[in-house]
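*Asks:* okay, predicted coordinates and the sequence, questions at the end:
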Amino acid sequence: MLTNEAYKPINCDDYDNLELACIKHWSIELKLKDGETLSAKAKDIHSRKNVEYLAIELSGEIRELRLDHIASFSHPELGTVIVSEE
C-alpha cells in the first residue's frame, strides 16, 4: 500500500483492542488490506507525523504497520476483529 496516502484513524474500540494486545504481548493474527497475512507479537502503538502505527515482532525483527492498513486481527481472548475506520 502507498504510505503517502491520507491517514484514516481506526475506530476507538479497535484501537483499544490492539493496545490490550500490546500490553499483554499477545501473538495475534493480522490480515492487511493488501491481502498479506501475518502472525506476530504485538509490541507497541505509537504515532509519528499524525499517523498511528502498530509495532509487531515478526521473526525476531520489529516491523511497523499503519493502523489503517490493517483489515482484521484476531486472538483467542478477542475473537476476530474487523477493523473499521471512524
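*Replies:* In hand now; what should we look at? Note that the structure is predicted; figures quoted are calculated from it, not measured. Numbering: from 1, shown residues only.
*Asks:* pretty sure Asn17 is in a helix, no?
*Replies:* Yes. With DSSP: H, G, I helix; E, B strand; the rest coil as the criterion, Asn17 is part of a helix.
*Asks:* in terms of pLDDT, where does it sit?
*Replies:* We have a pLDDT of 96 for Asn17.
*Asks:* separation between it and Lys49?
*Replies:* Plainly put, Asn17 is 24 Å away from Lys49 if you go by CB to CB, to the nearest Å. All C-beta spots, glycine's among them, are computed from the backbone N, C-alpha and C.
*Asks:* so between those two, which is more surrounded?
*Replies:* For Asn17 versus Lys49, neighbours defined as other CB atoms under 10 Å are more numerous around Asn17 (21 against 5).
*Asks:* does the more buried one really touch Glu77, like I thought?
*Replies:* No. Asn17 lies out of contact with Glu77 (CB atoms under 8 Å); the separation is 9.4 Å.
*Asks:* count of neighbours near Tyr15?
*Replies:* 17.
*Asks:* tell me the contacts of it?
*Replies:* Contacts of Tyr15 were listed using CB atoms under 8 Å, 6 or more residues apart in numbering, and they are Pro9, Ile45, Glu52, Leu67.
*Asks:* burial count for the last one?
*Replies:* Think Leu67. 20.
*Asks:* for it, give me phi and psi.
*Replies:* phi -60, psi -30 (degrees, to the nearest 10).
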